[in-house]
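> Sequence and predicted structure below; questions after.
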Amino acid sequence: MDLTDRLAAFRRSYPYRETAVDGVAWRYRLGGARNAPSVLLLPGGTLVPDPFFLVIEELGRRYQVIAAAYPPARSMAELVRGATAILDAERVPAAHVFGSSFGGYVAQCMVRAHPERVSTLILAQTGVRHFVGPTPITVLRWLLQAAPAPVVRWFMWRTWQVLIADIGGDKRFWMGLLHNILETELSKAHLVAVTAAIADFTAHHRPIPGDLSAWAGSVLLLQSERDRAFAAQAAEIEAVYPHATVRILRGAGHGALFTHTDQYVNELELFLAAHATAGH
């Protein structure tokens with residue numbers, strides 16, 4: 001089965017559900033092994049979970065996977081409320097929380113706001129600060145707010161292209177999927193909101209060493225050797241989570257889930273298997 005067929009099958013097997021949070025609709029895909037520990041996937045800047053479909057397929061063989069799609073939420077507080085409301089909607093008291101890139105920011109805020117809802121924490125291709133500083137990201141937010149929607153989309157597309165330039169042999173499929181998401185699923189409001197949320201994280205929610213000392217859960221840091229966004233700050237995130245399991249995908253970039261899928265999934269499964277009794 002080629003990637004196009006597998007994506008279509010994934011979308012059938014993991015249909016969207018919806019819950020309301022403060023009057024805002026939150027969508028999420030749900031599927032996998034029922035009555036198994038739950039994995040809550042918080043995606044990155046694409047804001048929807050579909051780019052993770054190969055990873056979700058594999059995890060779904062052993063876990064129930066709940067994969068969020070973000071509405072236009074401008075703050076970490078809004079995003080954390082939405083993520084916890086999804087768990088509430090599915091009656092999941094605690095989950096293995098897996099955040100990638102921007103989703104890693106949300107996951108780190110979630111474990112600090114609601115540590116009892118997070119069984120383990122998986123942080124992939126992310127950091128404890130954004131790779132653009134607080135002042136530039138705030139200025140960017142206001143520029144995007146003022147710009148026409150086509151300009152905002154063009155800027156985001158160029159940013160994605162730079163971050164995942166080394167995307168591997170299936171580049172046409174993956175870039176086609178990402179372009180389709182950008183053009184058909186994300187409004188200007190989504191793209192401005194994610195920039196505002198990044199600014200909020202950078203200015204007000206930056207994790208620091210010791211601020212999670214009361215939480216007893218385990219952490220996996222899944223890093224990429226050639227990550228254009230976060231490789232330079234690997235030591236910073238390791239300092240915040242000194243007892244974490246650290247795994248580095250050699251030769252991989254920010255788009256490791258596309259280029260190193262088997263290694264990526266294997267590291268997730270090894271970590272989760274060590275904590276299989278948690279997250280019901």
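Now that the structure is in, tell me what you want to look at.

> CA atoms for contacts and neighbours, from now on please.
Fine.

> Can you show me the strands along the protein?
Secondary structure of the chain (DSSP state E): strands at 16-21, 24-32, 38-42, 64-69, 95-100, 118-124, 218-224, 245-249.

> Nearest residue to residue 240 in space, please, no chain neighbours.
residue 209 (4.1 Å; Cα to Cα, 6 or more residues apart in numbering).

> before we move on, back to that, make a markdown table out of the strands of the chain and add mean pLDDT and distance to residue 56.
Shown next, in a markdown table, are the strands of the chain (pLDDT from 0 to 100; distance: least, Cα to Cα, whole Å):
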| stretch | mean pLDDT | distance to residue 56 |
| --- | --- | --- |
| strand 16-21 | 97 | 14 |
| strand 24-32 | 97 | 8 |
| strand 38-42 | 98 | 9 |
| strand 64-69 | 98 | 7 |
| strand 95-100 | 98 | 11 |
| strand 118-124 | 98 | 14 |
| strand 218-224 | 97 | 16 |
| strand 245-249 | 97 | 19 |
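
> show me what contacts the closest residue to residue 31 other than its chain neighbours?
Closest residue to residue 31 apart from its sequence neighbours, by Cα to Cα, 6+ apart: residue 14 at 4.9 Å. By Cα atoms under 8 Å, 6 or more residues apart in numbering, the contact list for residue 14 reads 29, 30, 31, 32.

> List the contacts of the second one.
Applying Cα under 8 Å, 6+ apart, we find residue 30 in contact with 14, 15, 16, 17, 64, 65, 66, 67.

> could you measure the fifth one against residue 212, distance?
Read it as residue 64. 26 Å (Cα to Cα, to the nearest Å).

> where do the helices sit along the protein?
3-13, 53-59, 76-89, 102-113, 134-146, 149-163, 171-184, 188-204, 234-240, 256-259, 261-273 (DSSP state H).

> Give me the mean pLDDT for the last one.
It stands for helix 261-273. Across helix 261-273, the average pLDDT comes to 97.

> Give me the contact list for that helix.
Outside helix 261-273, the residues that reach it (Cα under 8 Å, 6+ apart) are 54, 55, 58, 59, 220, 222, 247, 249, 256, 257.

> Let's see if you can find the most crowded of those.
Counting neighbours by other Cα atoms under 10 Å, residue 256 leads the contacts of helix 261-273 with 27 neighbours.

> Okay, that residue and residue 133: tell me how far apart.
Per Cα to Cα, residue 256 is found 24 Å from residue 133.

> next one: residue 19
Taken as Cα to Cα, the span from residue 19 to residue 133 is 34 Å.

> Neighbour count: the two, which is higher?
residue 19 (16 against 13).

> Wait, that one touches residue 27, no?
Yes: counting by Cα atoms under 8 Å, residue 19 sits close enough to residue 27 to count as a contact (6.7 Å).

> Residue 29 pairs with what?
When assigned by DSSP bridges, residue 29 has beta-bridge partners residue 16, residue 67.

> pretty sure it contacts residue 60?
No: applying Cα under 8 Å as the test, residue 29 and residue 60 come out as separate, 11.7 Å apart.

> related to what we said a few turns ago, adding distance to residue 176, write the strands of the chain out as TSV.
Listed next are these as TSV, based on distance: least, Cα to Cα, whole Å:
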stretch	distance to residue 176
strand 16-21	21
strand 24-32	21
strand 38-42	22
strand 64-69	19
strand 95-100	20
strand 118-124	23
strand 218-224	23
strand 245-249	25
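
> I appreciate the help and will end here.
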